[in-house]
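1. this one's sequence-less:
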């Protein structure tokens with residue numbers, strides 16, 4: 001019997017191929033997760049910077065320094081157009097929330113695929129174990 005016809009070698013090669021594929025998938029998902037975490041960190045820092053109240057040494061305009069001035073008045077004054085900067089930040093915030101939801105979905109999908117791949121690997125290992133036991137049993141007779 002040739003080496004390529006042996007079922008245990010064929011199963012072992014299949015297992016080896018699946019393990020290699022799983023390793024590649026795992027590396028891919030790890031890179032994506034690290035990139036997503038980096039992006040989330042950047043977005044969180046940007047959000048903190050954008051929402052942090054500005055405390056200039058001297059007020060830019062009397063309206064910004066006046067008691068009872070609306071929140072974000074200094075942001076409005078920075079661009080010269082009332083509400084433009086605030087609207088822009090709200091739009092950016094909405095986009096960031098949508099991106100965060102999309103990344104959460106991708107992470108969930110990746111975890112499901114990883115669980116499936118883990119189960120397939122476990123099944124293949126059980127098949128190889130069975131084939132080895134069969135080989136040992138037939139070799140001892």
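-> Right, received. Where do you want to start? Note that the structure is predicted; figures quoted are calculated from it, not measured.
2. make it CA atoms for all contacts and neighbour counts henceforth
-> Fine.
3. which secondary structure elements does the helix or strand that contains residue 112 contact?
-> When secondary structure is defined by DSSP states H and E, residue 112 falls within helix 84-140. Secondary-structure packing of helix 84-140 (3 or more CA pairs under 8 Å, 6 or more residues apart in numbering; DSSP states H and E): helix 7-51, helix 73-79.
4. so which of the ones you listed comes closest to residue 130?
-> Among these, the nearest to residue 130 by CA to CA is helix 7-51 (9.3 Å).
5. ranking helices and strands of this protein by mean pLDDT, which lands last?
-> Within the chain, no helix or strand scores below helix 62-65, which has a mean of 46 by mean pLDDT, DSSP states H and E.
6. what's the most centrally placed residue in the chain in contact with, if anything?
-> Residue closest to the average C-alpha location in the chain (CA atoms, centre = their mean): residue 33, at 3.4 Å. Shown in contact with residue 33 (CA atoms under 8 Å, 6 or more residues apart in numbering): residue 107.
7. poorly predicted segments of this structure, please.
-> Scanning the chain for pLDDT under 70 picks out the ranges 1-5, 53-82, 140-141.
8. tally of neighbours for the residue lying closest to residue 11 once chain neighbours are set aside?
-> Of all residues not flanking residue 11 in the chain, residue 128 sits nearest, at 6.4 Å (CA to CA, 6 or more residues apart in numbering). For residue 128, the neighbour count with other CA atoms under 10 Å is 20.
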